[in-house]
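>>> Have a look at this prediction, sequence included:
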Amino acid sequence: MKSYLILLPIFILVLFQGAFLKLNLVLLLVLTWAAFRPAKEVLLVAFASGLLLDLAKGMPFGLSSLVLLLASYFLLLYRRRFDSLHPVFLPAFVFLASIFYFLFFNRYWFWRESLILALIALGARYLVVFLIGQIGQGQIKLQ
């Protein structure tokens, strides 16, 4: 499967987030991608999605890339130390990264949005683990 296809959903989420969405679904998608993919690929996706997010929101170029790269890098560091398939790992990390993102850009602590994002991350984690299991059993074949 081509790993650059993740940029299509990121592009769509960037457009929605730049227009009217308050939840940072790009951060969620990048961190979910970082929990299950190789490090080099994750950092490239985080950088590209941050640049797209800056363009869509009209923010200084590279700021979102820096925050997404830092969040992805820390997730990659903790992924080596802890089990990234544990149910609490991804939602807790998404919650903390979302709070840091909101504090950095808005200078306000949006804990409700961060909690909603963490709950969505929990559901996304179960979906990804289910799909990985289906692919491993050979029920879904990728060409």
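Everything's here; your move.
>>> tell me which residues in stretch 8-16 are buried?
Residues 10, 13, 14 are the ones in stretch 8-16 that count as buried (16 or more other C-beta atoms under 10 Å). Backbone N, C-alpha and C define where each C-beta goes, glycine included.
>>> Let me know the closest of those to residue 80.
Nearest to residue 80 out of the buried residues of stretch 8-16 is residue 10 (C-beta to C-beta; 24.4 Å).
>>> and that closest one, what are its phi and psi?
Dihedral angles of residue 10 (phi, psi; degrees, to the nearest 10) stand at phi -60, psi -40.
>>> Kindly state the pLDDT recorded for it?
Residue 10 is assigned a predicted lDDT (pLDDT) of 85.
>>> The closest residue to it other than its chain neighbours: which element?
Among residues not flanking residue 10 along the chain, residue 49 sits closest, at 4.5 Å (C-beta to C-beta, 6 or more residues apart in numbering). Using DSSP states H and E, residue 49 sits in helix 39-57.
>>> circling back: identify the residues contacting the residue nearest to residue 10.
For residue 49, the contacting residues are 7, 10, 14, 26, 29, 30, 64, 65, 68, by C-beta atoms under 8 Å, 6 or more residues apart in numbering.
>>> let's see 6 Å
Applying C-beta atoms under 6 Å, 6 or more residues apart in numbering, we find residue 49 in contact with 10, 26, 30.
>>> Name the single longest helix found in this protein.
helix 111-137 (DSSP state H).
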